[in-house]
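Visitor: I'd like to go over a predicted model; first the sequence, then the structure.
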Amino acid sequence: MVKICCIGAGYVGGPTMAVIALKCPSNQVIVVDISVPRITAWNSDQLPIYEPGLEDVVKQCRGKNLFFSTDVEQHVAESDIIFVSVNTPTKTRGLGAGKAADLTYWESAARLIADVSKSNKIVVEKSTVPVKTAEAIEKILTHNSKGINFQILSNPEFLAEGTAIQDLLNPDRVLIGGRETPEGQKAIKVLKGVYAQWVPEDRIITTNLWSAELSKLAANAFLAQRISSVNSMSALCEATGADVTQVAHAVGKDTRIGPRFLNASVGFGGSCFQKDILNLVYICECNGLPEVANYWKQVIEVNDYQKNRFVNRVVSSMFNTVSGKKIAILGFAFKKDTGDTRETPAIDVCKGLLGDNAHLSIFDPQVNEDQIQRDISMKKFDWDHPRHLQPSSPTSVKQVSVVWDAYEATKNAHAVCILTEWDEFKKLDYQRIYDNMQKPAFVFDGRNIVDVEKLRKIGFIVYCIGKPLDQWLKDMPAVA
Ligand SMILES: NC(=O)C1=CN([C@@H]2O[C@H](COP(=O)(O)OP(=O)(O)OC[C@H]3O[C@@H](n4cnc5c(N)ncnc54)[C@H](O)[C@@H]3O)[C@@H](O)[C@H]2O)C=CC1
Ligand SMILES: O=C(O)[C@H]1O[C@H](OP(=O)(O)OP(=O)(O)OC[C@H]2O[C@@H](n3ccc(=O)[nH]c3=O)[C@H](O)[C@@H]2O)[C@H](O)[C@@H](O)[C@@H]1O
């Protein structure tokens, strides 16, 4: 029996190990973390993350071949394969601050593995890391190795939040990179054997270490680039009367381009796109490739532009001021079906509106008040550090109230901003919302989910990303 341990019980470590446990009943899988509250939650009925289907999988395996523990040292020492799925946020200070990946958590995990190991181990990079990280990790491990053989593999994760379980059960591909030595190839074979229990062999790709590490950064950069591309078109659509949904549909019909991941939005969020592209930019700069660095930097800049453009549109439409006005924010998570708020565009939009002195009433079905207040009052890049390592008790923002119902949020509001595409926002009684709002009543749909014609008939002034503007908005152009 191969004993598997995963360091880091987060959005990746938890669901990934739960699915491995489900599909490999003869393997013992232990997920360890330094965060006591996180492990306590994994062992309770209230899992620490919201992810459709996750609870079922955990309930099927927990206590049988899936365990969650804070005893990092013991389980690392006893395991054959150690996945490292700790967070790799953007550095907030020192060399490369604001761009480079912070490998503090990774390094401390590697040092711990080196310190406690008494038998040979396969160490798997599950976290997203800069290219060549495996080389640095090898140095840390072998420095203290006492004759123990460590094989490092890169096995980046491609799941998306909100669909993690489906993505894990039926992945487009599993990527495993290793050393091109006989020992490296043997380690690849062992890990391949784990995935082969449910993933068809032709979807398990093996490469050298550096290709695997770089492919992860490249995949996220390509995905984010699609969103910035369609979002840049959305601005041009608004200026010309074209409709971005029609343009994306027509463009995506070309099989070389494809229809998926072309939804214009208020901007992409999430813990990875921005940080991984910044990391890629930094790696390019360090390798003397400024043109390549600038090319990818534009993907982030267009994303920032899109968020600013949305705020400007709100303010300019409402007579150039939102000071003292109540604005309802529907949705705070970075996408639907998750409670994760890391790098959500809602943070920048809310901060932009607060900068113009608005009063915000926020509702998200999966995000609580404490989280929203922390997000709005924290500095950029602090968001992606584990909760227990974030700055303690940031002061709450008085002009922000968090409510547990969309109707409450919109009562007496001057405007509604939809920032997450939760399905329930499509089904709201907009007539009831309109009746209880100040007039003129505005809807700014940052996710293009409302039935625009229906809302206009009710009496709303409606703005959607990249759609033909109604007369009111044409008369009040937004200044970029
Ligand atoms: N969130 C996502 O959808 C995806 C994330 N990734 C990558 O996976 C990695 C992990 O991401 P998340 O799971 O979202 O992060 P997370 O922040 O949810 O989880 C990381 C966990 O590692 C723990 N940790 C940190 N240092 C530790 C140590 N020395 N020993 C034990 N535990 C430690 C933290 O307490 C935390 O619970 C990152 O590199 C990320 O880029 C990759 C694909 C998808
Ligand atoms: O490395 C990672 O962390 C992961 O990053 C993304 O997954 P995730 O961030 O969870 O979610 P996505 O579905 O990619 O959405 C990211 C952001 O883009 C936005 N988006 C997505 C698609 C789209 O067409 N338009 C759009 O604005 C979403 O609303 C969200 O804010 C990738 O999709 C995963 O493959 C990758 O493993």
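Guide: Cool, got the structure. Predicted model, so just to flag it, every value in this text is computed and none were measured. Ligands and ions are numbered 1, 2, ... in the order given.
Visitor: Give me the helices and strands touching the longest helix belonging to the chain, please.
Guide: Among the elements of the chain assigned as helix by DSSP state H, the one spanning the most residues is helix 209-240. Helix 209-240 is packed against helix 133-143, strand 150-154, strand 174-178, helix 244-252, helix 273-286, helix 290-317, with contacts defined by 3 or more Cβ pairs under 8 Å, 6 or more residues apart in numbering; DSSP states H and E. (Glycine included, C-beta is placed from N, CA and C.)
Visitor: Could you pick out the residues of the chain near ligand 1 for me?
Guide: Residues of the chain lying close to ligand 1 (Cβ under 6 Å from any ligand atom) are 7-13, 32-35, 38, 72, 85-88, 105, 108-109, 127-128, 157, 159, 161, 271-272, 386.
Visitor: and the residues you listed, which are buried?
Guide: When the residues of the chain next to ligand 1 are checked for burial by 16 or more other Cβ atoms under 10 Å, the buried set is 7-13, 32-35, 38, 72, 85-88, 105, 109, 127-128, 157, 159, 161, 271-272, 386.
Visitor: which residue ranges form the strands in the stretch 51-200 of the chain?
Guide: For the stretch 51-200 of the chain, the strands defined by DSSP state E, counting those that start in this stretch occupy 66-69, 81-84, 121-125, 150-154, 174-178.
Visitor: Now mean neighbour count and mean pLDDT too, for these, in TSV please.
Guide: What follows is the strands of the stretch 51-200 of the chain, written out as TSV (neighbours: other Cβ atoms under 10 Å; pLDDT from 0 to 100):
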stretch	mean neighbour count	mean pLDDT
strand 66-69	22	98
strand 81-84	26	98
strand 121-125	24	97
strand 150-154	24	97
strand 174-178	24	98
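Visitor: got CSV for those, with distance to ligand 2 too?
Guide: Shown next, in CSV, are the strands of the stretch 51-200 of the chain (distance: least, Cβ to the nearest ligand atom, whole Å):
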stretch, distance to ligand 2
strand 66-69, 21
strand 81-84, 15
strand 121-125, 13
strand 150-154, 14
strand 174-178, 11
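Visitor: Any chance of JSON lines for those, columns distance to Asn294?
Guide: Shown next, in JSON lines, are the strands of the stretch 51-200 of the chain (distance: least, Cβ to Cβ, whole Å):
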{"stretch": "strand 66-69", "distance to Asn294": "44"}
{"stretch": "strand 81-84", "distance to Asn294": "32"}
{"stretch": "strand 121-125", "distance to Asn294": "28"}
{"stretch": "strand 150-154", "distance to Asn294": "27"}
{"stretch": "strand 174-178", "distance to Asn294": "28"}
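Visitor: Which of the residues of the chain next to ligand 1 fall within helices?
Guide: Cross-referencing the residues of the chain next to ligand 1 against helices under DSSP H gives Gly13, Arg38, Val72, Tyr105, Ser108, Ala109.
Visitor: Wait, the last one touches Ser85, no?
Guide: This means Ala109. No. Applying Cβ atoms under 8 Å, one finds Ala109 not in contact with Ser85, separated by 9.2 Å.
Visitor: Mind listing the shared neighbours of the two?
Guide: Residues within reach of Ala109 and of Ser85 at once, by Cβ atoms under 8 Å, 6 or more residues apart in numbering, are Ile7, Gly8.
Visitor: Residues of the stretch 151-300 of the chain that sit close to ligand 2?
Guide: Counting by Cβ under 6 Å from any ligand atom, the stretch 151-300 of the chain comes close to ligand 2 at 157-161, 220, 223, 227, 261-263, 265, 268-270, 272-273.
Visitor: If we use 5 Å, what do you get?
Guide: Phe158, Ala160, Glu161, Ile227, Phe261, Asn263, Ser265, Phe268, Gly269, Gly270, Cys272 (Cβ under 5 Å from any ligand atom).
Visitor: how is the chain carved up into domains?
Guide: Here the domain parsing of the chain from automatic domain parsing is 3-199, 240-475.
Visitor: Quick one: closest of those to Lys216.
Guide: Closest to Lys216 of the domains of the chain, according to Cβ to Cβ: domain 3-199, at 3.4 Å.
Visitor: what about the closest one, how long is it end to end?
Guide: Its start and end residues considered, domain 3-199 measures 20 Å (Cα to Cα, to the nearest Å).
Visitor: Over to stretch 353-360?
Guide: OK, stretch 353-360 end separation, Cα to Cα: 8 Å.
Visitor: And the contacts of that stretch?
Guide: 311, 314-315, 321-329, 350, 376, 397, 399-401, 417.
Visitor: For Pro15, which non-adjacent residue is spatially closest?
Guide: By the measure of Cβ to Cβ, 6 or more residues apart in numbering, the closest residue to Pro15 outside its immediate chain neighbours is Ala164, 4.4 Å from it.
Visitor: nope, Glu180 is what I was after
Guide: Of all residues not flanking Glu180 in the chain, Asn208 sits nearest, at 5.9 Å (Cβ to Cβ, 6+ apart).
Visitor: Can you name the residues that contact the one you found?
Guide: Residues near Asn208 by Cβ under 8 Å, 6+ apart: Gly177, Gly178, Arg179, Glu180.
Visitor: Tell me who's in contact with the first one.
Guide: With contacts taken as Cβ under 8 Å, 6+ apart, Gly177 has the following neighbours: Ala134, Leu153, Ser154, Asn155, Thr206, Thr207, Asn208, Leu209, Trp210, Ser211, Ala212, Glu213.
Visitor: which phi and psi does Val462 have?
Guide: Backbone torsions of Val462, given as degrees, to the nearest 10, read phi -120, psi 130.
Visitor: do the one 4 residues further on as well
Guide: In this entry, Gly466 is assigned phi and psi values of phi 70, psi 20 (degrees, to the nearest 10).
Visitor: Correct me if wrong: it contacts Val244.
Guide: Yes. Counting by Cβ under 8 Å, Gly466 does reach Val244; the two are 2.8 Å apart.
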